[in-house]
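Enquirer: Need coordinates for the following:
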Amino acid sequence: MGKKCASCGSANPSKAAFCASCGQALAAKGAKKPATSASNRKWRMPVVAVVTILAMAGLYFWLFIADDLKRDADGLITEAWDASTPGAQIFFAMTEVNIRDKPSTAGSSILGKLPRGSQVTGTIQPGSAPDGPWLKLSDGNGFIARTNMSESRPPVLIKSLNDQSWVADGLIDVWASTLADSNLLDRLREGTQLTLAGTTADNFIEVKLADGRYGYLADATSILKRLGGKPISIGFNLETCAFSGEIGAEFEKIGAQLRAQWQALETKEFANESARQNAYSALEGKSKFIRLRRSFEGLSVTGLAQHYESQSLYFDDSPAKVMDVFRAQGFDIGRNGLFTGTELYAGIAATRGEGAAYGKTELGCGV
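Expert: A predicted model of the protein is given here:
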């Protein structure tokens with residue numbers, strides 16, 4: 001029996017493999033359709049399982065791993081940025097600092113401010129006087145004066161000393177921090193001038209050194225009492241207006257000089273008595289001033305003066321502060337600044353006239 005072409009319907013010999021009319025392949029005689037149901041089940045089950053596992057893995061990745069990978073990638077980007085910025089260092093703001101668009105205070109604009117203790121990363125850029133070196137921020141957002149930055153985080157200051165100047169009165173150690181294991185930053189000689197920024201809770205003073213570095217002095221309480229210079233004691237007799245100790249010795253020197261001048265007048269020949277009287281009057285009205293740099297119970301003693309019938313001691317502190325210290329020494333001082341218990345004048349007041357050049361406050365006593 002021949003084969004009928006399923007494509008064009010032409011009859012073909014039974015042994016033909018292809019249709020003689022259209023060339024379509026002819027089915028073999030007696031061929032059966034392949035059984036598909038049982039074989040499909042064999043491969044569909046593994047495929048479904050694999051697809052399910054992949055879906056669950058994708059969901060887990062999205063929920064738990066993607067964020068971690070993003071953070072790691074961000075970290076790698078930061079490391080790459082740092083690596084591409086040779087010499088980058090971490091610095092901390094020692095005061096409130098300005099961020100500028102150029103490495104100069106002249107001709108630059110302030111982009112923002114950083115509070116004390118802020119951490120930044122940057123590289124040191126050379127600068128010119130008076131600004132000195134600058135810190136170029138690694139994020140490209142501006143420049144900060146290097147003089148306001150430190151390589152270690154500063155402690156909290158509980159009291160500002162407003163960059164007060166102090167001349168060291170002996171050998172003094174400057175530490176890199178207030179920690180117990182801090183490195184010794186420098187050992188300064190007597191006479192070294194320091195700029196005092198403020199005091200810390202653990203009894204240190206933060207100082208700014210001449211080269212722009214910051215350091216810390218131990219025993220702030222003791223140093224604050226010596227800010228005016230070498231510590232002295234002041235003995236003061238209300239009844240006689242006499243001072244003892246070093247202050248008394250200085251007044252003795254002035255007294256000796258004045259007595260020598262009087263003796264010189266007495267032996268000097270004058271053209272007439274009127275000329276003599278004029279010379280005596282000029283000496284009587286003249287005050288002799290001496291500058292000092294001493295400290296007394298936290299006060300800065302800055303000078304003294306011998307007047308014709310009175311003496312003055314000068315301080316670089318307010319009248320109120322001077323009164324408080326002498327009250328603590330046992331003196332009875334009224335609100336008007338006058339000492340009680342003496343027939344002579346003795347009082348504490350703001351300086352005036354010629355004495356203003358020697359201090360802010362005067363302790364005067366005399367007739």
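
Enquirer: doesn't Ser165 fall inside a helix?
Expert: No: under the criterion used here (DSSP: H, G, I helix; E, B strand; the rest coil), Ser165 is strand, not part of a helix.

Enquirer: What does the pLDDT read for it?
Expert: The pLDDT attached to Ser165 in the predicted structure is 83.

Enquirer: Val301 versus Lys360, what's the distance?
Expert: 12 Å (Cβ to Cβ, to the nearest Å). Heads up, the C-betas are built off the backbone N, CA and C, glycines and all.

Enquirer: Same drill for the two, tell me which one is more crowded.
Expert: Shown here are Lys360 and Val301; by other Cβ atoms under 10 Å, Val301 has more neighbours (25 against 18).

Enquirer: And the pLDDT at that one?
Expert: At Val301, pLDDT is 91.

Enquirer: same deal with Ala17?
Expert: Reported pLDDT for Ala17: 77.

Enquirer: That one: how many residues sit nearby?
Expert: 11.

Enquirer: Ok, Asp181 next?
Expert: With other Cβ under 10 Å as criterion, Asp181 counts 5.

Enquirer: just Asp317 next, same as before
Expert: 22.

Enquirer: Sticking with it, tell me its helix or strand.
Expert: Assigned by DSSP states H and E, Asp317 belongs to neither a helix nor a strand.

Enquirer: can you tell me which residues contact it?
Expert: Shown in contact with Asp317 (Cβ atoms under 8 Å, 6 or more residues apart in numbering): Leu299, Ser300, Lys360, Thr361.

Enquirer: helix, strand or coil for the second one?
Expert: Three states are possible here, and by three-state DSSP the one that applies to Ser300 is strand.

Enquirer: partners of it in the sheet?
Expert: Beta bridges link Ser300 to Ser295 when assigned by DSSP bridges.

Enquirer: quick one: it and Gly229 touch, right?
Expert: Yes: between Ser300 and Gly229 there is a contact at 7.3 Å, judged by Cβ atoms under 8 Å.

Enquirer: intersection of neighbour lists for Lys360 and Val301?
Expert: Common neighbours of Lys360 and Val301 (Cβ under 8 Å, 6+ apart) are Tyr314, Phe315.

Enquirer: got the end-to-end distance for stretch 173-181?
Expert: Terminal residues of stretch 173-181 lie 14 Å apart, using Cα to Cα, to the nearest Å.

Enquirer: which residues touch it?
Expert: 152, 155, 182-188, 200, 202, 204, 207, 209, 215-218.

Enquirer: If we use 6 Å, what do you get?
Expert: Ser152, Pro155, Ser182, Asn183, Leu185, Asp186, Arg187, Thr200, Asp202, Phe204, Gly215, Tyr216 (Cβ atoms under 6 Å, 6 or more residues apart in numbering).

Enquirer: what's the neighbour count on the last one?
Expert: Other residues within reach of Tyr216, judged by other Cβ under 10 Å, total 23.

Enquirer: ditto for the second one
Expert: Summarising burial for Pro155: neighbours were counted as other Cβ under 10 Å, giving 18.

Enquirer: you'd agree it is up against Thr199?
Expert: No: applying Cβ atoms under 6 Å as the test, Pro155 and Thr199 come out as separate, 10.0 Å apart.

Enquirer: hmm, back to that, please check the contacts of Asp317 and keep the buried ones.
Expert: With burial judged by 16 or more other Cβ atoms under 10 Å, the buried subset of those is Leu299, Ser300, Lys360, Thr361.

Enquirer: Reformat those residues as a markdown table; add distance to Ala256.
Expert: Output for the buried ones among the contacts of Asp317, formatted as a markdown table (distance: Cβ to Cβ, whole Å):
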| residue | distance to Ala256 |
| --- | --- |
| Leu299 | 27 |
| Ser300 | 27 |
| Lys360 | 29 |
| Thr361 | 27 |
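
Enquirer: Quickly name whichever of the residues you listed is closest to Thr147.
Expert: The nearest member of these to Thr147, counting by Cβ to Cβ, is Ser300 at 26.9 Å.

Enquirer: Ser152 and Asn12, how far apart?
Expert: Taking Cβ to Cβ, one finds Ser152 at 99 Å from Asn12.

Enquirer: returning to that earlier point: just the closest of the buried ones among the contacts of Asp317 to Asp131, please.
Expert: Ser300 (31.6 Å).

Enquirer: So the nearest residue to Gln306 once chain neighbours are set aside, which state does it fall into?
Expert: Spatially, and ignoring its direct neighbours in sequence, Gln306 is nearest to Ile254 (4.2 Å; Cβ to Cβ, 6 or more residues apart in numbering). Under three-state DSSP, Ile254 falls in the helix class.

Enquirer: Could you report the distance from Ile254 to Tyr358?
Expert: 13 Å.

Enquirer: And these two? Which one has more around it.
Expert: Neighbour totals were compared for Ile254 and Tyr358, and Tyr358 leads with 21 against 17 (other Cβ under 10 Å).

Enquirer: Which stretches in the stretch 151-300 of the chain count as strands?
Expert: 157-167, 172-175, 184-188, 193-200, 204-208, 214-218, 230-231, 235-237, 242-244, 288-296, 299-306 (DSSP state E, counting those that start in this stretch).

Enquirer: ok, Val207 - how many residues close by?
Expert: So Val207, with other Cβ under 10 Å, has 25 neighbours.

Enquirer: give me the beta-bridge partners of it?
Expert: Leu196, Gly215.

Enquirer: Spit out the contact partners of the most centrally placed residue in the chain.
Expert: By Cα atoms, centre = their mean, the chain has its centre lying nearest to Met94, at 1.6 Å. Met94 is in contact with Asn148, Ser150, Pro154, Tyr214, counting by Cβ under 6 Å, 6+ apart.

Enquirer: count of neighbours near the last one?
Expert: Same thing as Tyr214. Neighbour count of Tyr214, defined by other Cβ under 10 Å: 24.
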